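1. sequence and predicted structure below; questions after.
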Amino acid sequence: MIIHVDMDAFYASVEQLDDPALAGKPVIVGGTSGRGVVAAASYEARKYGVRSAMPVFQAKKKCPAGIFVPPRRHRYKDVSQAVMAVLHTFTPLVEQISIDEAFLDISGCEAIFGPPREMGLAIKHKVKETVGLNCSVGIAPLKFLAKIASDMNKPDGLTYVAPDAVDDFIAVLPVGKISGVGEKAAHALKKIGISTLGDVKKFPVEKLVSLLGKYGHRLHELAHGIDRSVVAPVRPVKSVSTEETLAADISDKGKLRKYLLKHSEDVGRQLRKKGRRARTVTLKIKYCDFRQVTRQTKLYRPTSASETIFQAAAGLLENFFLHQPVRLIGVGASDLDDPHQATQMTLFADSDTSLEKWEKIGPVVDGIAEKFGPEAITKAGLTDPDKHC
Ligand SMILES: [Mg+2]
């Protein structure tokens, strides 16, 4: 089950929130020079026919009483972050698609937040309570329908397309409502007698593909209630890594391990500083002829522990056949956890005790290194050249 949350007249509403004198008035956010375009219009201004992307001079004609305010992008970004933080309190599966819109995958959330409609209401209440703004939500078992639904009862709306209502909903849905179907495509479809998704069903997929290209496949699937797109949380930082060109080329794996240890420490420290954990560890090697190879391994559970990263990187090196002396070596960590996601409980607590120990040691080591310099605390493997060979 997917919820699409869309803030109502976002920029204009922020202006009305910050300046109570603007509440209930036709507020138009946009270039005040008269040459710009409308970035957003409050619902009071929309009554006069003012729309986003309309030239300001035209908006002034349509709504002479309109109050024009210049956009304050930083402020909108701050409010947007506050809204997204609220959404993350419901589920980590939040995909932000614009400054004021996001999808939430709420599958399995019923036990905590109740049935979909209740959860939609709870989201609306919490956004209002925390940020002071209204939003509209659309709830549906398919992503594309959730987005269409959120637009149906704006402002301050809630539309729920229950699973058993999907077929009827799709049958009469105008194709122009689907994001991806532009004016041109809608026109081409109209020419052959397609105006709803129900009409689409009457045509073979080949016909749709000849008309719309690849998108014809997607439209055919949507008409049959299939939407393969999923809610994909955005991960701001995708990876951390460090690498080093060696003073002299090295072909001895034991010596290379020392460098891995050092760089794993660094990668772990970066992760801990960011409060992130990685699921994938990458070993990067550049040979003396500048040929570069990488190897990756997936961890059983995400980590920020330098020791775990080192063990993974060292394991990769172990299985490596070194064709030539190595000129550069590096360690990377990617596939990072969502920063808002709570630490997942491990199912196999007993087998993970050593890992947990390393997770706890990391911050202690970082603290000492910060206070006394990185030389103050060094793993045995770095000082004793034979320890890890
Ligand atoms: Mg919006």
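-> It's in.
2. Provide a list of residues in contact with the residue of the stretch 51-200 of the chain found nearest the ion.
-> Nearest residue of the stretch 51-200 of the chain to the ion (C-beta to the ion) works out as D100 at 4.4 Å. C-beta coordinates here come from the backbone N, C-alpha and C atoms, glycine included. By C-beta atoms under 8 Å, 6 or more residues apart in numbering, D100 lies in contact with 6-7, 10, 80, 83.
3. wait, which of those residues is closest to I250?
-> Set against I250, the nearest of the contacts of D100 by C-beta to C-beta is S80 (48.7 Å).
4. distance of the residue of the stretch 51-200 of the chain closest to the ion relative to I123?
-> 14 Å (C-beta to C-beta, to the nearest Å).
5. ditto for A59
-> 32 Å.
6. more neighbours: which of these two?
-> A59 (26 against 23; other C-beta atoms under 10 Å).
7. just want the phi and psi numbers for that one.
-> phi -60, psi -40 (degrees, to the nearest 10).
8. got the buried residues for the longest helix along the chain?
-> Across the chain, the helix with the greatest residue count (assigned by DSSP state H) is helix 253-274. For helix 253-274, the buried set under the neighbour-count rule, 16 or more other C-beta atoms under 10 Å, comprises 253, 256-272.
9. centre of the chain to whichever strand or helix holds H74, how far?
-> Per DSSP states H and E, H74 falls inside helix 73-88. Chain-centre distance of helix 73-88: 14 Å, with C-alpha atoms, centre = their mean, to the nearest Å.
10. could you point out which element follows it?
-> Past helix 73-88, the next helix or strand by DSSP H and E is strand 94-98.
11. what comes into contact with the following helix or strand past that next one?
-> Once the chain leaves strand 94-98, the next helix or strand it forms, by DSSP H and E, is strand 101-105. Identification of contacts with strand 101-105 by C-beta under 8 Å, 6+ apart yields 1-7, 83-84, 87, 90-91, 93-97, 123, 143, 146-147, 230-231.
12. what of stretch 273-280?
-> 237, 239-240, 267, 271, 296-299, 301-304, 309, 333-337, 339, 366.
13. could you pull out the helices for the stretch 1-150 of the chain?
-> Along the stretch 1-150 of the chain, the stretches classed as helices by DSSP state H, counting those that start in this stretch are 10-18, 43-46, 56-62, 73-88, 110-113, 116-131, 143-150.
14. please state the backbone phi and psi of I192?
-> Torsion angles at I192 (phi, psi; degrees, to the nearest 10) stand at phi -100, psi 10.
15. what's near enough to touch it?
-> Taking C-beta under 8 Å, 6+ apart, we find I192 in contact with 203, 207, 211.
16. tally of neighbours for the nearest residue to the first one once chain neighbours are set aside?
-> Ranked by C-beta to C-beta, 6 or more residues apart in numbering and with sequence neighbours excluded, the top spatial neighbour of F203 is I194, at 6.8 Å. Neighbours of I194 under the rule other C-beta under 10 Å: 23.
17. how far away is I194 from G176?
-> If you measure I194 against G176 using C-beta to C-beta, the figure is 11 Å.
18. so for the residue nearest to F203, what's the pLDDT?
-> I194 carries a pLDDT value of 96.
19. then A232?
-> pLDDT at A232 comes out at 84.
20. can you tell me the helix or strand for it?
-> Short version: A232 belongs to no helix or strand, going by DSSP H and E.
21. thinking it is in contact with V94, fair?
-> No. Counting by C-beta atoms under 8 Å, A232 sits too far from V94 to count as a contact (9.9 Å).
22. neighbour-wise, which of those two wins?
-> Just comparing A232 and V94: by other C-beta under 10 Å the higher neighbour count belongs to V94, 24 against 13.
23. who does that one bridge with?
-> Here V94 sits in beta bridges with L104, as judged by DSSP bridges.
24. which parts of this protein sit against the ion?
-> When proximity is defined as C-beta under 5 Å from the ion, the chain approaches the ion at 6-7, 10, 100.
25. for the residues you listed, name the two members farthest from one another.
-> Farthest pair in these, by C-beta to C-beta: D6 and F10, 8.5 Å.
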